[in-house]
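1. Predicted model, plus sequence, below.
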Amino acid sequence: MTMETRSTREALGDALVELGGLDGDVVVIDADAASSTHVKAFADGFPDRYYNVGIAEQNMIEVASGMALVGKKPYATAFSSFLAGRAYDQIRCCVAMPNLNVKLIATHAGITVGEDGATHQMLEDVALMRVLPNMSVMVPADYWSARNMIISSIKSDKPLYVRLGRAEVPMFYSPRDEFVIGGGRIVREGKDVTIVACGIMLFEALKAADILARQEIEAEVIDCYSIKPLPEDLIQSSVRRTGCCVVAEEHNRIGGLCGAVAESLSVNYPVPVRFVAIDDRFGESGTPAELQEYYSIKFREIVGAVAQVWVTRRR
Amino acid sequence: MERDLELQLRRIAVEVRKDVLRMISIADSGHLGSSFSCVDILVYLYFHLMKVNPAEPDWMERDRFVLSKGHACPSLYAVLARKGYFEREELWNYRKLGSLLQGHPLYINTLGIDAPSGSLGMGAGISCGMAMALKNLSLDSKVFCLMGDGELQEGSCWEAFMIASHWKLDNLFFVIDRNGQQMEGHTEAIKALEPLKRKLESFGLVCFETDGHDFSLIDEAFAQASLVKGPPKAIIAHTKWGRGITLAENGGIPVKASLSRNEVTMLLDELNRESMALSEEGR
């Protein structure tokens, strides 16, 4: 797979500029990270609708809430650690509880933040956001899915959390592909095992599927970019054909996509399930590539997990 | 302030206090003292200063009110009912299952509630967002944020003061109900706020002090504050916890009150006597 690469956070700047042109009510609220989050493009294009509240994520969410209460359509942006973590009570009480039209776009999620280390490697955000009533949670895999997802978020007037990464990833999708809240996408068809992945783990899942194909195991790979609502029908209909499932994500194995898929399948159609995710640990410094190896979230682990579920698959 | 208007506001305030006492006694829970300390401020805002229309609660050009000290919502509910946002009968369902009137204000349920609150320290920031958006829309509406004094121990309040002054939100008024009391005792014993005025001023706010129970003085403070263009305003309203009920003022009622029928009757008597005195005064 040799493709052009770009980070999902780059898509944020481009999507916001497009939204700014589409809708005069769109405002962007930033906690002094515009250069890193690529929000600077919007700040330059629409200075009268860009608010930098300084290094104060809690205040940022309160301000976004206040703006939504007056009819604006705020996009609040920050690093995921400080958005989902530091401002959690504000997100809970000022956004989710009143069900306001505030979009939370978090960048720099996951272990592949790299050298900055544990404080900046957010591995718990999906769990934190997913458990909030009224909140939807989306994790795009590449530039185009991130861009189109953020642009189409304007159609919803409900709270939404979008999780973006720092690292460059292959440009997998096309500019015309659509990504709706509650959706997922089968990116490779197969009959032997279902691999549900999101974010950077989609590419590991596809690599694993290539390797498995050589051993005559045809893996079906689902890009589960909407974690809440979860595309339950899509996952279930695949699992009903394959009889087993592996879930892969760049997040603590507790509470994120792994938790969501396990909850859904155990209630609706129990099958053997294995997780390839961070094993309930904090991160540490290193290069993104080293860290993916060290924390065992590579295609190899997916192949291993498939071997385990496949032998015990439901028939 | 004209004497007739002042008398009218004082009468409304007594009736509101009576309703609040009834609400808290029926619900058998709620914050009596800190609800009573801000009644006069609420009555002044809703029955005199603020540009609102109960027949059109979503009127875009209205002034906004944020009750940052959400636990004092019985007083806000009683004022909103008296103003005509919803039936007064609804007050007796406060804190009951399925009620519009939740234990702390829930924005989606209740007509007249402009913002959610309950978790302390967030109303100031929400008010900043409102004030910014109103300026962005070129509306001359104002935002009034009523804060508790104990609440100022939350750091998020000071983040909000910083941003309000940086963005020159002169359409924003922070009103601090300085009743001196918090859950476990006196503010100055637990985590001192003083010198509060100097602290607020050093954050760039133009600050006024007033007696939070004297309508003429409240009016004077707001009149002076409204003249200042540029910075956001803070009004420290010195109040008495439980104002209107001698027993509460003297610390005879716990912070979260549970009152017997006899006690309620006795406390209502005091408010009824004040109510009678005020009707005499008008003659």
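-> Perfect, I can see it now.
2. where exactly do the strands run in the stretch 51-200 of chain A?
-> A:73-79, A:103-107, A:136-138, A:160-163, A:168-170, A:185-188, A:193-197 (DSSP state E, counting those that start in this stretch).
3. ah, wrong one, I meant the stretch 151-283 of chain B
-> Ranges of strands in the stretch 151-283 of chain B, per DSSP E, counting those that start in this stretch, are B:172-178, B:181-182, B:185-186, B:206-211, B:233-238.
4. what's the average pLDDT for the third one?
-> Going back to what we said before, that points to strand B:185-186. Average pLDDT, strand B:185-186: 94.
5. cool, and the longest one?
-> Model confidence over strand B:172-178 averages 98 on the pLDDT scale.
6. strand partners of that strand, parallel vs antiparallel please.
-> Strand B:172-178 has the following sheet partners, assigned by DSSP bridges: strand B:143-148 (parallel), strand B:233-238 (parallel).
7. which of the ones you listed is buried the deepest?
-> Across the strands paired with strand B:172-178, averaging neighbours per residue (mean count of other C-beta atoms under 10 Å in any protein chain shown) puts strand B:143-148 on top, at a mean of 28. From N, CA and C alone the C-beta is placed, and that goes for glycine too.
8. what's downstream of the longest helix anywhere in chain B, the next helix or strand?
-> With DSSP state H setting the assignment, residue counts place helix B:3-27 as the longest helix in chain B. Later in the chain than helix B:3-27, the nearest helix or strand by DSSP states H and E is helix B:32-36.
9. Report all helices and strands that that following helix contacts.
-> Based on contacts counted as 3 or more C-beta pairs under 8 Å, 6 or more residues apart in numbering or on different chains; DSSP states H and E, the elements that helix B:32-36 packs against are helix B:3-27, helix B:73-83, helix B:246-249.
10. what comes up buried for the first one?
-> The neighbour-count check on helix B:3-27 (16 or more other C-beta atoms under 10 Å in any protein chain shown) flags B:6, B:8-27 as buried.
11. count of neighbours near the spatially closest residue to A:Arg315 that is not a sequence neighbour?
-> Among residues not flanking A:Arg315 along the chain, A:Gly243 sits closest, at 5.9 Å (C-beta to C-beta, 6 or more residues apart in numbering or on different chains). Using other C-beta atoms under 10 Å in any protein chain shown, A:Gly243 has 19 other residues around it.
12. shouldn't A:Gly243 be in contact with A:Val311?
-> No: contact criterion C-beta atoms under 8 Å: A:Gly243 and A:Val311 do not qualify, at 11.1 Å.
13. and among the strands of the stretch 151-283 of chain B, the most buried is which?
-> strand B:172-178 (a mean of 27).
14. which SSE is A:Glu220 in?
-> Using DSSP H and E, A:Glu220 falls in strand A:219-223.
15. quick one on the thing from earlier: run through the residues that contact the residue nearest to A:Arg315.
-> A:271, A:313-315 (C-beta atoms under 8 Å, 6 or more residues apart in numbering or on different chains).
16. mind redoing it with 10 Å?
-> A:191-194, A:269, A:271-272, A:309-310, A:312-315 (C-beta atoms under 10 Å, 6 or more residues apart in numbering or on different chains).
17. strand partners of the strand holding A:Glu220, parallel vs antiparallel please.
-> strand A:185-188 (antiparallel), strand A:193-197 (parallel).
18. Nearest to A:Ala141 among the ones you listed would be which one?
-> Of all the strands paired with strand A:219-223, the one in closest proximity to A:Ala141, counting by C-beta to C-beta, is strand A:193-197 (7.9 Å).
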